[in-house]
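1. Sequence plus predicted model, see below.
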Amino acid sequence: MPKAKGKTRRQKFGYNVNRKRLNRNARRKAAPRIECSHIRHAWDQTKSVRQNLADMGLAMDPNRAVPLLKRKVKALEVDVEERPKELMRKPYVLNDLEAEASLPEKKGNTLSRDLIDYVCYMVENHGEDYKAMARDEKNYYQDTPKQIRNKINVYKRFYPAEWQAFVDSLQKNKMEVE
């Protein structure tokens, strides 16, 4: 239902509000999202960044955490300043991060099924004759002999066990034919 005519008030500009401070405080309050789940769950909003990281056993400034060793010119001794260890209130965060970092990296590079089929077809029909592969009718993309050779080498590098099994099966089939 529409409002009665003349009943809406005009918005007036607030001259007594400090917009710069208002925006700065809004930016401070809207903290960015922490991507690491271990750190995010252990984070305390009431503490500063430095205090939070110190509680977790992490360093805010790596240059201060691991200082460069200063060497004396004449003496062979190295000056090492012993700092008192800060109390770690949340050691489980550091343990979780170390455990996650020690996991092996999963293999992210794979080849498409079409490329695998293409390589298998070419090797099955032509063996090592790359020029014949380049003239083959299944060479839809008109790859040159070197491009085909490189594709076969990539397949060998990505899937060495499958390649070896494929070559063994080809030799077995060849032996049966003869």
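-> Sure thing, it's come through. Owing to the predicted nature of the structure, the values given are computational and were not obtained by experimental measurement.

2. max-length helix in the chain?
-> Using DSSP state H, we find that the single longest helix of the chain is helix 160-177.

3. mind checking pLDDT for the nearest residue to Arg89 once chain neighbours are set aside?
-> Nearest non-adjacent residue to Arg89, counting by C-beta to C-beta, 6 or more residues apart in numbering: Asp55, 4.3 Å away. Heads up, the C-betas are built off the backbone N, CA and C, glycines and all. With respect to pLDDT, Asp55 has a value of 92.

4. same question, Val73
-> Reading off the model, Val73 has pLDDT 60.

5. Would you state the helices of the protein in chain order?
-> Along the chain, the stretches classed as helices by DSSP H are 19-29, 37-42, 49-56, 62-65, 91-102, 113-126, 130-135, 145-158, 160-177.

6. Can you lay out those as a markdown table showing distance to Gly6 and mean neighbour count?
-> Formatted as a markdown table, the helices of the chain follow (distance: least, C-beta to C-beta, whole Å; neighbours: other C-beta atoms under 10 Å):
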| stretch | distance to Gly6 | mean neighbour count |
| --- | --- | --- |
| helix 19-29 | 30 | 9 |
| helix 37-42 | 52 | 14 |
| helix 49-56 | 53 | 16 |
| helix 62-65 | 65 | 9 |
| helix 91-102 | 61 | 13 |
| helix 113-126 | 71 | 15 |
| helix 130-135 | 84 | 16 |
| helix 145-158 | 75 | 15 |
| helix 160-177 | 80 | 11 |
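
7. Of all these, which one comes closest to Arg71?
-> helix 62-65 (17.7 Å; C-beta to C-beta).

8. which secondary structure elements does the closest one contact?
-> If you count contacts as 3 or more C-beta pairs under 8 Å, 6 or more residues apart in numbering; DSSP states H and E, helix 62-65 packs onto no helix or strand.

9. low pLDDT regions in the chain?
-> Scanning the chain for pLDDT under 70 picks out the ranges 1, 72-86.

10. the domain parsing of it - what is it?
-> The chain breaks down into these domains under the TED database: 18-67+74-100, 111-174.

11. Redo those domains as a markdown table? Include distance to Lys12.
-> Output for the domains of the chain, formatted as a markdown table (distance: least, C-beta to C-beta, whole Å):
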| stretch | distance to Lys12 |
| --- | --- |
| domain 18-67+74-100 | 15 |
| domain 111-174 | 64 |
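
12. Which of those domains sits closest to Arg9?
-> Closest approach to Arg9 among these (C-beta to C-beta): domain 18-67+74-100, 21.3 Å.
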